[in-house]
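S.K.: Give me a model of this one.
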Amino acid sequence: MSWGFQRGITRPLQQLVAAMARVRKHQTFDVSLEDAGDREVGVLIDGFNAMLSDIRERDLRLDAHRRNLEQEVADRTHDLREARDAAESANRAKSDFLATMSHEIRTPMNGIMVMAELLTQAEMPPRQRRCAEVIANSGHSLLAIINDILDFSKIEAGKLDLESVPFEAAQLGDTVVSLFAERARSQGLDLAALVDPATPRTIAGDPVRLTQIVSNLVNNALKFTEQGYVHVVIGPQPGRPAFLSIAVTDTGVGIPADKLATIFDAFSQADQSTTRHYGGTGLGLAICKRLVGAMGGHIDVTSEPGRGSTFTVTVPLAAPGAAAAGVTRARDWPRMEPKDGVPAFCVIDLAGQATVATATRYFSAFGYSVVPGGDADGAALVCVDAARLPAARLDRRHGGGLVVIAVADFGDTSADRLVDGGFADAILTKPLLRTDVEELLRRIAAGSALMAREADVKRAAEPRFSGLKVLVADDSAVNREVAVAALARLGATAHTVENGTQAIIAVRNQTFDVVLMDGSMPDVDGFAATRRIRAEERSEARRRLPIVALTAHVIGTSANAWRDADMDDVVYKPYTLGQLRACFQRLFPDWATDDASPGPKVIALQDGSEAGGADTGPDRAGLLDIGIFQELQEIDGPDSETFVRRVFGLYLDHAPRVRDQIALAFRDGDREECAQAAHALKSMSQNIGARAVAASVEAIERCARETGMPDSAELDQFNRLLDATLAEIGAKLDEVAGTSEASEARSVAR
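M.R.: Numbers count the residues shown, from 1 in each chain. Below is the predicted model of the structure:
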């Protein structure tokens, strides 16, 4: 009995030990033991069986998870790959959009900027010249904004490239206040810029970026100021003469103290209601801070709610790495010697605290003892608002002793009558420009006539390239006319063709000194044409002909296409005379002269066409901007009528042909041909100011490229607008002809 009882206990235990050894040795968990007769041993075996069962179940789960894990990783990798591809596609689409936008904006701007620059170089009275300079400066400012949009990624990446070139400090303040003068006047604000006479005449740095910084600060100041003034003060930083200080002070809403720490953060504004009330994104100050930091400077702000703000920018007078010669000392400010040791005094009776402060500093530096307002008896000079002058009853009977300066709003031509009527000796326009005040003070010191007449205006001699034979290849008649006018100013002879094929033939059959080649042309584009020309040069052992790309592509895959095509240089549209001149100086350093030889003739190599173009804005009917007529009449002097007729006559000739192309493409259902023809007419219409036609044909182009062919209603509206515009152009040309005939008749009668 004892032996039997013992075996009932030990046998299950032996089986358990053996099972445990097998599990340990083979790592198999599919073992299961029979129940033992003994209750206590049975509990032990049941526990062992349960443990193995749990281990098997765990292994099964782990195995299933392992099998599924690879699929999950593959699925997630696929999702990530799709997300990556979508992001890259979106990035490419953004780049393509920016490239297209840049090209489309730069093409019409080419006509604006070149023609405006030509206008500034024409002989005209100072007031009209200033209007033209504002147009040109506005074009440069708009181009700078476009470049800022395209370069914003560089700013974010900290890879912004800065120039270091010498430029006049006075231009910084004068340019900015000129751009914002009309806006300040319309808001009833006093806007003035003081460029301290102690400031070095020329400083080294990036003039475009500095102008952008100051413009941004002035724009913000005008935005947040409802009454009072905005004052820009530029001069050496007190105690640190090697640094330039630029302070923009306003009397606006101010900034709460708890918001000053975040005001320079991106997308940050002082209050959530700011965007709703004033607009803006909150990026301007962030960009300013990064630009100033890249220049090695610092920007700070002080403000009090309800009493305005002052933003102060401090930058080195010479950018890091600039040549020491880039900074010149302040040229002697004109001064008047005191009589018998007593300085003469002047009375400043002007509206606007900022304007008074600016005039006071300038006239004080000249040597006057300045008295604000008050009695003019005994004064050597009175500076008074033009509107107050007739009622001032100044005693000028003794003549020569009292100089009267009238200060008028920009564009107020009635102020000229004050000089003609003997009320004033000279006129200054608001906002006061340092260059204007300095020139006036120099005339006072020299005893010269104070009003600069048209005959007094002298233009500095500029390099010319007389005899340079230039081939212009561009499919846009407007762009050809712009290039022809620019080359005429430079003294070159212009030959024009319409596409790459004609350019290849012209180069093959004639001798040119340089080719200005548009990149985007139908049939054979400029890059392909250049490759063909280079291949023929190699095969025929001809000399290498300099070829310059004229392109509006500054980003995207087409930005460097000119290098790939083996061109010699590039001039980006819209270009200025200075950029074109600089390009020629690089290519032909020994060719430039300073002579003023007559302008060259224009030769058209294509059938029955030369060129055409300009820019405009709507007239009373909203179809055509007649202002372009006056601008073009100022460019070529005695030949202006011929120039105007050529520009607009080209549109009268080309527009109906393009309309026929659009109609034919619509009939055949050819979307690509319809879009190309619409694009050509859009560019042509924008450049001569046919805004209504340009907007209509732009809708046709967009529809053809994105959704399908336009409907007949859109085409009917386009045809009506074009007919009306063509009739309006014809009427305006008849007016020009009638005015010219009347002028000739009066001349004959005399």
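
S.K.: Is Val382 in contact with Cys346, as I believe?
M.R.: Yes: at 6.8 Å, Val382 and Cys346 qualify as touching, with contact defined as CB atoms under 8 Å. Any C-beta I mention is one placed from the backbone N, CA and C, and that applies to glycine too.

S.K.: more crowded one of those two?
M.R.: Neighbour comparison, Val382 and Cys346: the larger count goes to Cys346, with 25 against 22 (by other CB atoms under 10 Å).

S.K.: So for the helix or strand containing that one, mean pLDDT?
M.R.: Assessed by DSSP states H and E, Cys346 sits inside strand 345-349. Strand 345-349 shows a mean pLDDT of 87.

S.K.: Give the pairing partners of it; include direction for each.
M.R.: For strand 345-349, the pairing partners within the sheet under DSSP bridges are strand 369-372 (parallel), strand 381-385 (parallel).

S.K.: Look up the closest residue to Leu191, ignoring the ones flanking it.
M.R.: Ala184 (3.7 Å; CB to CB, 6 or more residues apart in numbering).

S.K.: what number of residues lie near Asp377?
M.R.: Around Asp377 there are 9 residues (other CB under 10 Å).

S.K.: Doesn't Ala376 belong to a helix?
M.R.: No: in this structure, Ala376 is coil, not part of a helix, as judged by DSSP: H, G, I helix; E, B strand; the rest coil.

S.K.: Would you mind measuring from it to Gly401?
M.R.: Remark: distance between Ala376 and Gly401 (CB to CB, to the nearest Å) = 11 Å.

S.K.: More neighbours: these two, which one.
M.R.: Comparing Ala376 with Gly401 by neighbour count (other CB under 10 Å), the higher total belongs to Ala376, at 21 against 11.

S.K.: Quickly list the domain ranges of the protein.
M.R.: 162-323, 345-452, 469-612, 637-749 (automatic domain parsing).

S.K.: quick one on the thing from earlier: what comes into contact with the strand holding Cys346?
M.R.: 356, 359-360, 363, 368-376, 378-385, 388, 392 (CB atoms under 8 Å, 6 or more residues apart in numbering).

S.K.: Quick one: buried ones out of those residues?
M.R.: 356, 359-360, 363, 368, 370-371, 376, 379-385, 392 (16 or more other CB atoms under 10 Å).

S.K.: So for Gly526, what's the nearest residue that isn't a sequence neighbour?
M.R.: Per CB to CB, 6+ apart, closest to Gly526 is Met517, 4.0 Å.

S.K.: in the one helix or strand Thr358 maps to, what counts as buried?
M.R.: Taking DSSP H and E as the definition, Thr358 sits inside helix 353-366. Neighbour counts over helix 353-366 (16+ other CB under 10 Å) mark 354-363, 365-366 as buried.

S.K.: Now the residues you listed in a markdown table, please, with extra columns for pLDDT.
M.R.: Shown next, in a markdown table, are those (pLDDT from 0 to 100):
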| residue | pLDDT |
| --- | --- |
| Ala354 | 93 |
| Thr355 | 92 |
| Val356 | 92 |
| Ala357 | 93 |
| Thr358 | 93 |
| Ala359 | 92 |
| Thr360 | 92 |
| Arg361 | 92 |
| Tyr362 | 92 |
| Phe363 | 91 |
| Ala365 | 90 |
| Phe366 | 89 |
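
S.K.: for those, which one is nearest Lys430?
M.R.: Nearest to Lys430 out of the buried residues of helix 353-366 is Thr355 (CB to CB; 6.4 Å).

S.K.: Can you tell me the closest non-neighbouring residue to the closest one?
M.R.: Leaving out its chain neighbours, Thr355 is closest to Ala192 (CB to CB, 6+ apart), at 4.7 Å.

S.K.: Helix, strand, or coil at that neighbour?
M.R.: Assignment for Ala192 (three-state DSSP): strand.

S.K.: Please apply the same query to Thr10.
M.R.: Quick answer, by three-state DSSP: Thr10 is helix.

S.K.: Can you tell me how far it is from Ser138?
M.R.: As for Thr10, its distance to Ser138 is 107 Å (criterion: CB to CB).

S.K.: Between the two, point out the one with more neighbours.
M.R.: A direct count of neighbours by other CB under 10 Å for Thr10 and Ser138 places Ser138 higher, at 16 against 12.

S.K.: Specify which residues of the stretch 51-200 of the chain, grouped into ranges, have pLDDT under the cut-off.
M.R.: 91-107, 110-111, 121, 141, 144-160 (pLDDT under 70).

S.K.: Where do the strands of it begin and end?
M.R.: Secondary structure of the stretch 51-200 of the chain (DSSP state E, counting those that start in this stretch): strands at 165-168, 190-195.

S.K.: Could you export the first one as PDB, CA atoms only?
M.R.: Extracted C-alpha coordinates of strand 165-168, given in PDB (Å, rounded to 0.1, in the frame of the first residue of the first chain):
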ATOM      1  CA  VAL A 165      27.700  99.100 -53.500                       C
ATOM      2  CA  PRO A 166      28.200 102.800 -53.000                       C
ATOM      3  CA  PHE A 167      25.000 104.900 -53.100                       C
ATOM      4  CA  GLU A 168      24.000 108.400 -51.900                       C
END
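
S.K.: residue ranges with poor pLDDT in the stretch 501-650 of the chain?
M.R.: Within the stretch 501-650 of the chain, the segments meeting pLDDT under 70 span 552-559, 574, 592-647.

S.K.: Try it again at 80.
M.R.: The model of the stretch 501-650 of the chain has pLDDT under 80 over residues 520, 522-523, 551-560, 572-578, 590-650.

S.K.: would you list every one of the helices in it?
M.R.: Applying DSSP state H, counting those that start in this stretch to the stretch 501-650 of the chain gives helices spanning 526-540, 561-564, 577-587, 627-635, 640-668.

S.K.: Out of these, indicate the one that is most buried.
M.R.: helix 627-635 (a mean of 20; mean count of other CB atoms under 10 Å).

S.K.: Gln237 contacts Ala247, correct?
M.R.: No: contact criterion CB under 8 Å: Gln237 and Ala247 do not qualify, at 9.9 Å.

S.K.: more neighbours, the two?
M.R.: A count of neighbours by other CB under 10 Å puts Ala247 above the other of Gln237 and Ala247, at 19 against 16.
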